[in-house]
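Trainee: Show me how the following folds:
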Amino acid sequence: MHAAILAGGQGVRLRPYTTALPKPLVPIGEEYAILDIILQQLKAHGFDRVTLAIGHLGSLIRAFAGSGEQWGLRIDYVAEDKPLSTIGPLLNFLDRLPEHFLVMNGDVLTDLDYAALLRAHQESAASLTVATYQREVKVDFGTLETTDGHIVDFREKPTLSYGVSMGVYALSRTTLSPYPCNVPFGFDELVLDLLAKDAKPRVYEFEGYWLDIGRPDDYDEANRSFQRLRRTLLPSAPVASKLEFA
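Mentor: Purely as a prediction, here's the structure:
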């Protein structure tokens, strides 16, 4: 049970919070780093190995997570010398990973069952399995549908619903092995290439709690709702040193 956590981004959208801290270490509920919550959840779902792909302020992540002993995990690290996008970092340590493994961004706050996602991926034999969430977006304008220069439909400030990627995936080594190492390669590029090869990724639809704290609005919402959802998000008593560093 091996998870790869992508924790190398600069967190530009979350500045000024990420000026001094990497995004996975920003505090949630004034007590826990988001990475602490993720590691507790992974342990509770049966994972025992974690590889952290680090870059921006990566030394702080190393100091915080250490060997993973306080979570009952074995943690190792891969440092990016240059930005490699979403999937690119994985290609540089593919030999450390089992055939099937979990990949997730280091800024995801959710009560998703990570082990169930990985099992579903293994059972389906899919090239890639993407955890998805239905997100509603309110449009603040009237929307027009036009044909041949004429309005054929009008909706006043509609609310649109989209299935979005949660930033949590299950992958297989055989899916990634054809791609070259040490070059930027994004999740979008992987999906489009798999579609072109008719190796259609599967979705794992999720209806629980999910926030990507990469946006200031979502980060504020995560802090507002944390105390209410604390028991759901933290599967056991705290085992880490909260926001202290090793």
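
Trainee: Show me what whichever strand or helix holds residue 132 pairs with in its sheet, parallel or antiparallel.
Mentor: Residue 132 belongs to strand 128-138 when assigned by DSSP states H and E. Applying DSSP bridges, strand 128-138 is found paired with strand 159-172 (antiparallel), strand 202-206 (parallel).

Trainee: can you give me the offset of the shortest one from its chain's centre?
Mentor: The one in question is strand 202-206. 14 Å (CA atoms, centre = their mean, to the nearest Å).

Trainee: After it, heading C-terminal, what element do we hit next?
Mentor: Strand 202-206 is succeeded, C-terminally, by strand 210-212 (DSSP H and E).

Trainee: which parts of the helix or strand hosting residue 222 are buried?
Mentor: Following DSSP H and E, one finds residue 222 within helix 216-233. Buried residues in helix 216-233, counted by 16 or more other CB atoms under 10 Å: 218, 219, 222, 223, 225, 226, 233. No exception for glycine: its C-beta is placed from N, CA and C like everyone else's.

Trainee: Tell me the one among the residues you listed nearest to residue 159.
Mentor: residue 218 (17.7 Å; CB to CB).

Trainee: quick one, helices of the protein?
Mentor: 34-44, 58-65, 88-91, 114-124, 173-176, 187-196, 216-233 (DSSP state H).

Trainee: Please identify which of the ones you listed is closest to residue 142.
Mentor: Short answer: helix 216-233, nearest of the helices of the chain by CB to CB, at 23.5 Å.

Trainee: before we move on, back to that, in JSON lines, list the buried residues of helix 216-233 along with pLDDT and distance to residue 97.
Mentor: As requested, the buried residues of helix 216-233 are exported to JSON lines (pLDDT from 0 to 100; distance: CB to CB, whole Å):
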{"residue": "218", "pLDDT": "80", "distance to residue 97": "29"}
{"residue": "219", "pLDDT": "81", "distance to residue 97": "30"}
{"residue": "222", "pLDDT": "82", "distance to residue 97": "29"}
{"residue": "223", "pLDDT": "83", "distance to residue 97": "33"}
{"residue": "225", "pLDDT": "84", "distance to residue 97": "33"}
{"residue": "226", "pLDDT": "85", "distance to residue 97": "31"}
{"residue": "233", "pLDDT": "87", "distance to residue 97": "26"}
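
Trainee: TSV for those residues, including distance to residue 136?
Mentor: Formatted as TSV, the buried residues of helix 216-233 follow (distance: CB to CB, whole Å):
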residue	distance to residue 136
218	14
219	19
222	18
223	21
225	17
226	22
233	22
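
Trainee: Excluding sequence neighbours, find me the nearest residue to the spatially most central residue of the chain.
Mentor: Closest residue to the average C-alpha location of the chain: residue 105 at 2.6 Å, with CA atoms, centre = their mean. The shortest distance from residue 105 to any residue other than its chain neighbours is 3.8 Å, reached at residue 167 (CB to CB, 6 or more residues apart in numbering).

Trainee: Tell me how many other residues crowd the one you found.
Mentor: Residues near residue 167, counting by other CB atoms under 10 Å, number 21.

Trainee: For residue 83, see how far away it is.
Mentor: 17 Å (CB to CB, to the nearest Å).

Trainee: Format the helices of the chain as CSV; extra columns: distance to residue 155.
Mentor: Output for the helices of the chain, formatted as CSV (distance: least, CB to CB, whole Å):
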stretch, distance to residue 155
helix 34-44, 37
helix 58-65, 45
helix 88-91, 40
helix 114-124, 35
helix 173-176, 40
helix 187-196, 28
helix 216-233, 24
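
Trainee: looking at these, which is closest to residue 145?
Mentor: Here helix 187-196 is closest among those (CB to CB), at 26.8 Å.
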